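Colleague: need a structure here:
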Amino acid sequence: MVYHNLKALIKGIRSCKTVADERALIQQESAAIRASFREEDSFQRHNNIAKLLYIHMLGSPAHFGQIECLKLVASPRFSDKRLGYLGIMLLLDENQEVLTLVTNSLKNDMNHSNMYAVGLALCTFANIASEEMSRDLANEIEKLLGSSNTYIRKKAALCALRVVKKVPDIADHFNVKAKNLLTDRNHGVLLTAITLVTEMCQIETAILDEFRSAVPLLVRNLKSLVTTGYSPEHDVSGITDPFLQVKILRLLRLLGRGDEQASETMNDILAQVATNTDSSKNVGNSILYETVLTVLEIEADTGLRVMAINILGKFLSNKDNNIRYVALNTLNKVVSMDTNAVQRHRNIILDCLRDGDISIRRRALELSYALINEQNVRILIRELLAFLEVADDEFKLGLTTQICLAAERFAPNKRWHIDTVLRVLKLAGNFVREEILSAFIRLVAHTPELQAYTASKLYLALKADISQESLTLAATWILGEYSEIIVSGGIVDDDQIIVISDKDLVDLVFSIIDSPYANYLIRQFVLASVTKIAARSTTTTPEQDRIAEVLAKYTTSPELELQQRAVEFASLFSLGDMRFGVLEQMPPPELKATVMGVVSENKPVGSTKGKEADLLGDEIVSTPAGQSNGQPAATAQSNQDLLAEIFGSSSSSMTTSASPPPGQQQRSTVDDILSLFGSSGNASNLMPDTPHPNAAPPSYPSSFPQTHANPPPAPAAPVQPRLTAYTAYDKNDVKITLTPQTSPTKPGVVMILARFQVSGGQTATGLSFQAAVPKSQQLQMLPMSNPNINPGAVETQQMRVVAPAGSNVRLRLRIAFSINGQDYQDQVDFAGFPANLTAQS
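Modeller: Below you'll find the predicted structure:
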């Protein structure tokens, strides 16, 4: 059955009961349309094309009607032209070869006397024009831009936009006409003209510079839209033509970027738009949003920028999730531009972390990271930790990383840094990157003052929860490394000391390896940890034997890595005392700048004040390359400050009361200090040189390699009252005595002067003197006056020990020297100081 018109065809297709019936009907009708085309029936051509376009809309092939559409376009009847151009737009695209046949028809109709026929041609051109067609008809489009008919000017501007996109080379041909269109009073023409100008400015910088002169005109147009009264023709929710306002704002943003003069011209109108636009409806919010983007991109003054950010802050309190999301997204982009202005909205940004929409939570989280600085790090990290407790798993990995990086970069002190990471490990230990865990262990290794505190916290955390992988790994490593600290000193919990035995510690570590949470890596850490615990002096023989049994059990483990570790660790037990040297505490790893460019180990400890923290090794000061050989002024001054701090004086007062020359002042100050110990020297005695090449590595965790300088000391002046000297070493013709001194104002701080002499007639050369103290104490050493001790001469070295008040000062000393070509090396433990040396007065 053949359907004579479109209405009948639609009715027939809708009456089909199955898809197969519909497909058969369409095939039958397509065959009938082809047959009709062959007959060249001009009367039926209109109906056939209408039916064919409907078949095309249903998804069936209709390409065979392309030429018939061209024939319809050539018809003088408007209805035929309209259907023909519609068919061309639907059945053709810019890649079809048939398109070249359309160019002539378009050119003819663009010059047609009927404006609607011109409109059809322009509409078709704007949809299907190729690069070749754009070049051919560019002059026609340019001519129509100057038409007196607003209907044609509007459509011609859109065609010019198509030309500019297809052939950017000829964009400058439209400059003059585009400028004229900007003065048009018709909103439709103005809208299309601004769209055209925006595209042209994005294509070429020269065009952008040329159109900057049109900024006052655009400002005038925008002002008329803002200040005009009710206009029913263009009113949308009480706002006059918001679409045109948005287009103008986008063009102003482009023209004002990087140009102060243009930006100055538009500042006032932007402030007016931001102030007068109603934000109660989405229409007003869209204009405000475009205004904010424009203000933030042009060279606007500070007040205007703050106003723009405040508008975004106001968006955050909107009930519409889309508006809040847009505000957070924009604030993320501008936070680096004006952080202080964004900081004012910190509380409402943090409130967004509790929003039900996951997209808003994600954007608020990103913005929170960007807001962290030295001043608010405590507040923001507390909020982020609270969010970490309730966050979805997909957030936790990034959240833990960002919290730890922020703590590393902005932590006020190491104590707070360690507490923060410990909290992260407790809350989300299964979502911590390996790099974060490594940085935490490095921080603890470089902070001996907090090793007991950290080990205590990890012991208690591990006892409460062994399900968090990173917490387990960190605790296992630190408890193995510093087990003697908590076994000898006890666990510190809420200012109470809980005594634990080595058995308690070993039981806890072994409970990990048997738990269902223990994975391959945790078991490796546990084996290394218990092996180190067995080598500590606080571990009893039964526990050492127990550890050896467990290691022996794992020597037959099917897991190759565990088996290898167990075999190697078990073999250490047969090496006797050498095992203790192999398993001694690891030296702190080398300090390196992180991704953030920060060495967090250089921050103060937190419980120690300024200079004292520096003296205890918290600050590693790198010497510039130019001062590495000899370290003249800076090193001497550093040593002078060190001694001044030791004796409670102020380095600032020493430098400000300068009447003698610097060298003389430095010598006199150091001589005065040294005279307290019964010896004197010049400043050069305190200036370190290179370490002695024969210096042996330290065998005790806190030992400090000793350095020396060449100049011999000057004769010493007597001191009153005389201090007691205690002999620490007297063998192989070398005698070392230690003279302690305390200050009533600093209980627990002991200054020790070491004196070196030879009793024989031979010179002791290359003397290396190293010392270490228990982990509950801290030691700082100054350079030795001279490593070569001549008969009859006395060489000296300053030491400073900080110990808990009332505790005994104990030293482990390592001495290495040569006499007459014979090398000697000894290690002694010294505990000969009075028991009340550190007692409070």
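Colleague: now the one helix or strand Tyr54 maps to: buried residues?
Modeller: Element membership for Tyr54 (DSSP states H and E) is helix 42-57. Of all the residues in helix 42-57, those buried under the rule 16 or more other C-beta atoms under 10 Å are 44-56. All C-beta atoms are positioned from the backbone trio N, CA, C, and that covers glycine.
Colleague: from those, which two are the most distant?
Modeller: In terms of C-beta to C-beta, these reach their longest pairwise distance at Gln44 and His56, which sit 17.8 Å apart.
Colleague: can you give me the strands for the stretch 701-841 of the chain?
Modeller: Using DSSP state E, counting those that start in this stretch, the strands of the stretch 701-841 of the chain run over 726-731, 734-743, 746-758, 764-772, 778-781, 795-802, 811-819, 822-830.
Colleague: which stretch among those comes nearest Val102?
Modeller: Short answer: strand 778-781, nearest of the strands of the stretch 701-841 of the chain by C-beta to C-beta, at 89.4 Å.
Colleague: so how far is that closest one from its chain's centroid?
Modeller: 36 Å (C-alpha atoms, centre = their mean, to the nearest Å).
Colleague: put the alpha carbons of it into CSV.
Modeller: The C-alpha trace of strand 778-781 is given here as CSV (Å, rounded to 0.1, in the frame of the first residue of the first chain):
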residue,chain,number,x,y,z
GLN,A,778,70.8,13.9,75.8
LEU,A,779,74.4,14.7,74.9
GLN,A,780,76.0,17.5,73.0
MET,A,781,79.8,17.7,72.4
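Colleague: partner strands of that strand and their direction?
Modeller: Here strand 778-781 has these sheet partners by DSSP bridges: strand 795-802 (antiparallel).
Colleague: report the buried residues of the strand it pairs with.
Modeller: Buried residues in strand 795-802, defined by neighbour count with 16+ other C-beta under 10 Å: 795-802.
Colleague: which of the residues you listed sits closest to Arg442?
Modeller: The closest of the buried residues of strand 795-802, once distances to Arg442 are taken by C-beta to C-beta, is Val802, at 23.0 Å.
Colleague: make sure that closest one is actually in contact with Gln777.
Modeller: Yes. In this structure, Val802 is within contact of Gln777 by C-beta atoms under 8 Å, at 6.4 Å.
Colleague: any idea how far Gly59 lies from Asp507?
Modeller: 74 Å (C-beta to C-beta, to the nearest Å).
Colleague: circling back to that earlier point, any idea which of the strands of the stretch 701-841 of the chain gets closest to Arg361?
Modeller: With C-beta to C-beta as the yardstick, what comes closest out of the strands of the stretch 701-841 of the chain is strand 778-781 (45.2 Å).
Colleague: for the closest one, what is the average pLDDT?
Modeller: Taken as a whole, strand 778-781 has an average pLDDT of 87.
Colleague: with stretch 67-74 instead?
Modeller: Per-residue pLDDT over stretch 67-74 has a mean of 90.
Colleague: going forward, count from 31.
Modeller: Right, with 31 as the first residue, what we last looked at is stretch 97-104.
Colleague: can you name the residues in contact with the helix holding Tyr84?
Modeller: By C-beta atoms under 8 Å, 6 or more residues apart in numbering, the residues outside helix 72-87 that reach it are 33-36, 39-40, 56, 59-60, 63, 66-67, 92, 95, 98-99, 101-102, 109-110, 113-114, 116-117, 120-121.
Colleague: buried only: go through those for me.
Modeller: Among those, those scoring as buried are 33, 36, 39, 56, 59-60, 63, 66-67, 92, 95, 98-99, 102, 110, 113-114, 116-117, 120-121 (criterion: 16+ other C-beta under 10 Å).
Colleague: quick one on the thing from earlier: tabulate the buried residues of strand 825-832 in CSV, adding columns for distance to Leu323.
Modeller: Converted to CSV, the buried residues of strand 825-832 look like this (distance: C-beta to C-beta, whole Å):
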residue, distance to Leu323
Glu825, 73
Thr826, 71
Gln827, 67
Gln828, 64
Met829, 64
Arg830, 60
Val831, 63
Val832, 58
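Colleague: out of those, which is nearest to Pro813?
Modeller: Within the buried residues of strand 825-832, the smallest distance to Pro813 is 7.3 Å, found for Gln827 (C-beta to C-beta).
Colleague: partners of that closest one in the sheet?
Modeller: The partner residues for Gln827, given DSSP bridges, come to Ala784.
Colleague: that one contacts Met781, doesn't it?
Modeller: No. In this structure Gln827 lies outside contact range of Met781 using C-beta under 8 Å: 11.7 Å.
Colleague: what's the mean pLDDT across the longest helix belonging to the chain?
Modeller: In the chain, taking DSSP state H as the definition, the longest helix is helix 49-68. Here helix 49-68 scores 90 as its mean pLDDT.
Colleague: counting contacts, what elements does that helix pack onto?
Modeller: Contact here means 3 or more C-beta pairs under 8 Å, 6 or more residues apart in numbering; DSSP states H and E; on that basis helix 49-68 packs against helix 36-44, helix 72-87.
Colleague: got these as TSV, with distance to Thr222 and mean pLDDT columns?
Modeller: Listed next are those as TSV, based on distance: least, C-beta to C-beta, whole Å; pLDDT from 0 to 100:
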stretch	distance to Thr222	mean pLDDT
helix 36-44	33	91
helix 72-87	28	89
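Colleague: can you redo the ones you listed as CSV with distance to Asp199?
Modeller: Formatted as CSV, these follow (distance: least, C-beta to C-beta, whole Å):
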stretch, distance to Asp199
helix 36-44, 44
helix 72-87, 35
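Colleague: would you turn the strands of the stretch 731-871 of the chain into CSV with distance to Ser254?
Modeller: Converted to CSV, the strands of the stretch 731-871 of the chain look like this (distance: least, C-beta to C-beta, whole Å):
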stretch, distance to Ser254
strand 756-761, 94
strand 764-773, 82
strand 776-788, 78
strand 794-802, 83
strand 808-811, 76
strand 825-832, 77
strand 841-849, 88
strand 852-860, 92
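Colleague: buried set for stretch 131-150?
Modeller: By neighbour count on 16+ other C-beta under 10 Å, the buried set for stretch 131-150 is 132-133, 135-137, 139-140, 147-150.
Colleague: just the residues you listed: which are in helices?
Modeller: 132-133, 135-137, 139-140, 147-150.
Colleague: among these, which pair sits farthest apart?
Modeller: The most widely separated members of these, counting by C-beta to C-beta, are Thr133 and Gly149 (17.8 Å).
Colleague: quick one: pLDDT of the closest residue in space to Ile528 that isn't next to it in sequence?
Modeller: Nearest residue to Ile528, sequence neighbours excluded (C-beta to C-beta, 6 or more residues apart in numbering): Ile521, at 4.3 Å. pLDDT for Ile521: 86.
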